[in-house]
Structure formats: C-alpha cells, structure tokens
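**Q** next one to model:
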Amino acid sequence: MITDLSKANNNWIYQSNKLIEASYSFTVLEQKLIRLLASMIKKDDVELKEYQFAATDLSKTLNIHKRNIYRELDSATDKLMARFIKMKNDDKQEFDKFHLIKKAKLRNGILTMKIDEDMKDFYLKLNWYTKYQLKNIMQFKSTYSFRLYELLKQYEAIGNRSITIEDLRNGLDIDKKQYPKYSNLKQKVINTAQKEINSCTDIFFDFEEIKLTRKVLSLKFYIKGNKSSIRGIDEVCATVESKCTYKEEKFNTELINAVKTIFKEKITGLEAKSIIDTAKGDINIIKEKYSLSQNATKIDSIVGWMLKAIKDDYQVPKSKIKTGTFNNYEQRAYDFDELERKLLGWDKQETVRDTGEEFQQLSMK
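**A** Coordinates of the predicted model:
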C-alpha cells in the first residue's frame, strides 16, 4: 500500500538514545529519507515493515522538482545502501557498525524501502529514547543540523548539554582534516546549524566555549523550547525555499548580539533573549536599566537584577543623583546676560579685571 504523505510532517520519530549518540554523517537528502522512513514506524510496532512512497509525493515532501526526483532517489538510495552507523566504546576499544537500509527499489514510480532488521532495537520497544516531529527537520539545508538537533533535543528537559570538541567531531563524523581549526568548525558547522535550528524547530539554543588558556576544549549548549512553534511549524513556515519565518515571534539574532554588547559581563544568547522579552524588545530600556546597575551594590546575578529592574521599572533615587563640584552648592541669583556682556567686553562701565574676578568668584562657589 502506498503511504499517504499529505500529513507526514506531523508524524513522530522515536529513536533510541544510543542511536542518537552514534557516529555517522549522511547527505541532506539521505537524512530526510531515513527520517521519513523512521516516522512511519509506530511506537508499539513489533516488527519493521516495508513502506511504499509515490515518487511524485516524495517530490513535494522533499522539495525536489519532479523532473529530478528519480535521479535524486537513485543516487540517494545507492549511498544509503552502502552507509553504516558506528557506535564506539573507546574505553574498551570496541565498536558496533550497522547498515541502516535493507531494501530500496523503484518500480512504476513507487519507491519501496525498509530499515535493516539489525536496527530493530533502535526503533522498537524503546525504554530510553528521544522523540520529535518530522516537520522539525525537513527544513534543514545543512547535513549537520540534523545530528546537532537530535543531540540537543535529547537534553531539552535538562536544559543544557556539554560536549567536547572531540566528541562533537566524532558524533557528526567530521574528520579533523575537514575543519582543522575550531574557528572553521564553529563557522561552517555550529553557527550554520544554530541558525537553522533556532529558526525552524521546536527548540532554541545558545552555547558557550569552555577553554583551557586560549584553546576551546568543549561547548556547553543551553537549550529551551521554542515557543514560536506551539501552533505547529507547518502553519508558520511556508516559502518556496522552505525557509522558516515565524508569524508569532522571530528570534532576532542581531538584536540578541546587540544586547550582549551592552553588558560588560558575559551573558548567553538565551539570557539576552529573556531580557529582550522582558523589555518588550525596547533596547533603550535595557541600556537605561543596565546603566543603573553600574551604581548598584552586591549584584549576585546581573541577568536576574536586570529582569527585576525592567519589571519593577527601577529609577535613580533622588538622593543618589550625583552632582559635580561646580553645581554642588546653593545657587545664587545671577544675571547671566549681564555677566556675559562683561566677559565679552561689551559693558564698558566695568573693567576686564572686575569681570574676571566676578567669574572667578562664581567658579569657586
């Protein structure tokens, strides 16, 4: 029976956490195909099944022009049949390798696929697993976004996850020769994936670099639910190139970065966003309240202090308004117009010396 893909985006994917921790890297199309197949599996299934998809339906679901769909499917299934995932235990010098796909054939415009039986334990009768809806990953254009999304989704309930650079490379199957410098890895992999995940999925993340001297050894990711996806990503993401634009709320990376530059202290993007939300996006309020913090004493958490300062609309106490030495006196009544005429030599009835003395007296008050 040909599978109906009209509502496939709402399908749930259930995967063993052990599979999420495995090492592999597929192309974008391969990633989408294997996850589409996984989304057909029901949580309570006892056996892995074959699934049939009309190529014309796959063209729409995978956003591939119908003229190219047969060639693309031929190429992708060739690679998938040869791909394997690797699970390593470095402490014991052990590893397990598995093929993902057992069967792939195209007949009369129908693609038939089946996940390999050896993968059963990673999809069926799961105790420790991570689940998410297919629509979260179908917008991705970077192959690394799929893997990083799953690694972070796994820890969403905890709210943070630390990963060494070495483990991140292993998990995403990135050879050190590919991106030898951390700066390359950050730009091409992490930042690209962050932009896609924060824009088009049900989670939002930021990260901080953990360094030893100047070398980045690991990353600590901060993860929270993306409230913009509550109504369903398919309802708010719709462009020809499948780029996401939220109608309810769009995370503005530029604004977050602008707020972070206001602070002398180091704050995360999530912390910056919470401050922005509290200030209702008004950066001037944020600047105003932060300037007050510079004269405050004993601030344990600048973020917590800022949130309260914005909510309670902190103001400068009148008793704390600072004055300079020039105006810190009980002001006398002066005719400043007359004094100006004297200083400019317009008043010939007064001498320049008298004028200078008058100004000197004023300054000393």
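**Q** surely Tyr314 and Leu292 touch.
**A** Yes: using CB atoms under 8 Å, Tyr314 makes contact with Leu292 at a distance of 5.5 Å. All C-beta spots, glycine's among them, are computed from the backbone N, C-alpha and C.
**Q** show me what Val216 is bridged to.
**A** For Val216, the beta-bridge partners are Lys211 (DSSP bridges).
**Q** state the distance from it to Asp78.
**A** With distances taken as CB to CB, to the nearest Å, Val216 is found 37 Å from Asp78.
**Q** likewise Glu208?
**A** Separation of Glu208 from Asp78 (CB to CB) stands at 41 Å.
**Q** and Ala296, what does it touch?
**A** Trp305 (CB atoms under 8 Å, 6 or more residues apart in numbering).
**Q** tell me the pLDDT of it.
**A** On pLDDT, Ala296 comes in at 83.
**Q** equivalent analysis for Glu254, please.
**A** Note for Glu254: predicted pLDDT of 71.
**Q** ditto for the one 3 residues further on
**A** Asn257 carries a pLDDT score of 82 in this model.
**Q** please renumber the chain so that the first residue is 39 from this point on.
**A** Done: numbering now begins at 39, and the last item shifts to Asn295.
**Q** now for it, how many residues are close by?
**A** 11 (other CB atoms under 10 Å).
**Q** how about it, secondary structure?
**A** helix (DSSP: H, G, I helix; E, B strand; the rest coil).
**Q** would you mind giving the domain segments of the protein?
**A** 39-166, 177-287, 291-357, 363-403 (automatic domain parsing).
**Q** by mean pLDDT, show me the worst of these.
**A** Across those, domain 363-403 gives the lowest mean pLDDT, at a mean of 48.
**Q** burial of the residue lying closest to Val354 once chain neighbours are set aside, as a residue count?
**A** Spatial nearest neighbour of Val354, excluding adjacent residues (CB to CB, 6 or more residues apart in numbering): Leu330 at 6.5 Å. Each residue near Leu330 was counted by other CB under 10 Å, and the total is 16.
**Q** what's the helix or strand for Leu330?
**A** In the assignment (DSSP states H and E), Leu330 maps to helix 321-331.
**Q** for that helix, buried residues please.
**A** 323-324, 326-328, 330-331 (16 or more other CB atoms under 10 Å).
**Q** nearest to Met125, of the residues you listed?
**A** Taking CB to CB as the measure, Met125 sits nearest to Ile324 out of the buried residues of helix 321-331, at 46.2 Å.
**Q** how near is the closest one to Lys302?
**A** From Ile324 to Lys302 the distance is 14 Å (CB to CB).
**Q** next: Val254.
**A** Taking CB to CB, one finds Val254 at 22 Å from Lys302.
**Q** more neighbours, those two?
**A** Legend: neighbour count by other CB under 10 Å for Val254 and Lys302, higher for Val254 (16 against 10).
**Q** circling back to that earlier point, tell me what the helix or strand following the helix holding Leu330 is packed against?
**A** Using DSSP H and E, the helix or strand that follows helix 321-331 towards the C-terminus is helix 340-349. For helix 340-349, the packing partners by 3 or more CB pairs under 8 Å, 6 or more residues apart in numbering; DSSP states H and E come out as helix 307-316, helix 321-331.
**Q** then the last one to PDB, C-alphas only?
**A** In PDB, the C-alpha atoms belonging to helix 321-331 read as follows (Å, rounded to 0.1, in the frame of the first residue of the first chain):
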ATOM      1  CA  ILE A 321      16.800  48.200  23.600                       C
ATOM      2  CA  ASN A 322      16.700  51.700  25.100                       C
ATOM      3  CA  ILE A 323      15.100  50.400  28.300                       C
ATOM      4  CA  ILE A 324      17.800  47.700  28.500                       C
ATOM      5  CA  LYS A 325      20.500  50.400  28.200                       C
ATOM      6  CA  GLU A 326      18.800  52.600  30.800                       C
ATOM      7  CA  LYS A 327      18.400  49.800  33.400                       C
ATOM      8  CA  TYR A 328      21.900  48.500  32.800                       C
ATOM      9  CA  SER A 329      23.400  51.900  33.400                       C
ATOM     10  CA  LEU A 330      21.600  51.800  36.800                       C
ATOM     11  CA  SER A 331      23.300  48.500  37.600                       C
END
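**Q** show residues contacting it.
**A** Residues contacting helix 321-331 (CB under 8 Å, 6+ apart): 293, 296-297, 300-301, 313-314, 317, 337, 340, 343-344, 347-348, 352-354.
**Q** buried subset of the residues you listed, written for PyMOL?
**A** Of the contacts of helix 321-331, the buried ones go into a single PyMOL selection, burial set by 16+ other CB under 10 Å:
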select buried, resi 297+300+301+313+314+317+340+343+344+347+348+352
